[in-house]
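Colleague: Okay, here's the prediction I keep looking at, along with the sequence it came from:
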Amino acid sequence: VTINVSAETVMYTPILSTIPIEGMNIKETTETNWISTYFSSIAGFTYERGYDYLLKVEKTHLVNPPADASNVSYKLIEILSKVKQTK
């Protein structure tokens, strides 16, 4: 699948936590809503602040995910684009 990664970081509260942390916003190109997630949630991908990305990733649905994690995992296949955002 292809996913967008926003140049803007976000503060969010992970599952089973009460403490907000900083993370990145991602969304599949077929979706309209952004999902806040850990910087390390895409295996093989290193997020760099200030850049919008378009990534080709392998998406796996986990049958028995950990209680404090997503039921989906992503693995980087290719960075399709990386665009510096300026304010």
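Modeller: Happy to help now that I have it.

Colleague: drop to CA atoms for contacts and neighbour counts, all remaining ones
Modeller: OK.

Colleague: Look through this structure and tell me its longest strand.
Modeller: If you go by DSSP state E, the chain has its longest strand at strand 72-84.

Colleague: Would you indicate which residues of it are buried?
Modeller: Across strand 72-84, burial judged by 16 or more other C-alpha atoms under 10 Å covers 73-76.

Colleague: would you list those residues in CSV and tack on pLDDT and distance to residue 30?
Modeller: Listed next are the buried residues of strand 72-84 as CSV, based on pLDDT from 0 to 100; distance: C-alpha to C-alpha, whole Å:
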residue, pLDDT, distance to residue 30
73, 87, 17
74, 93, 16
75, 96, 18
76, 97, 18
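
Colleague: Partner strands of the helix or strand of the chain with the lowest mean pLDDT and their direction?
Modeller: Least confident helix or strand of the chain, by mean pLDDT, DSSP states H and E, is strand 35-37 with a mean of 90. Partners of strand 35-37 in the sheet, by DSSP bridges, are strand 21-28 (antiparallel).

Colleague: roughly how far out does the partner strand sit from the chain middle?
Modeller: Computed by C-alpha atoms, centre = their mean, to the nearest Å, the chain-centroid distance of strand 21-28 equals 5 Å.

Colleague: now stretch 40-50
Modeller: From the chain centre to the centre of stretch 40-50 is a distance of 8 Å (C-alpha atoms, centre = their mean).

Colleague: Okay, and the residue lying closest to residue 79 once chain neighbours are set aside sits in which element?
Modeller: Once flanking residues are discounted, residue 79 sits nearest to residue 55: 4.7 Å by C-alpha to C-alpha, 6 or more residues apart in numbering. Using DSSP states H and E, residue 55 sits in strand 51-61.
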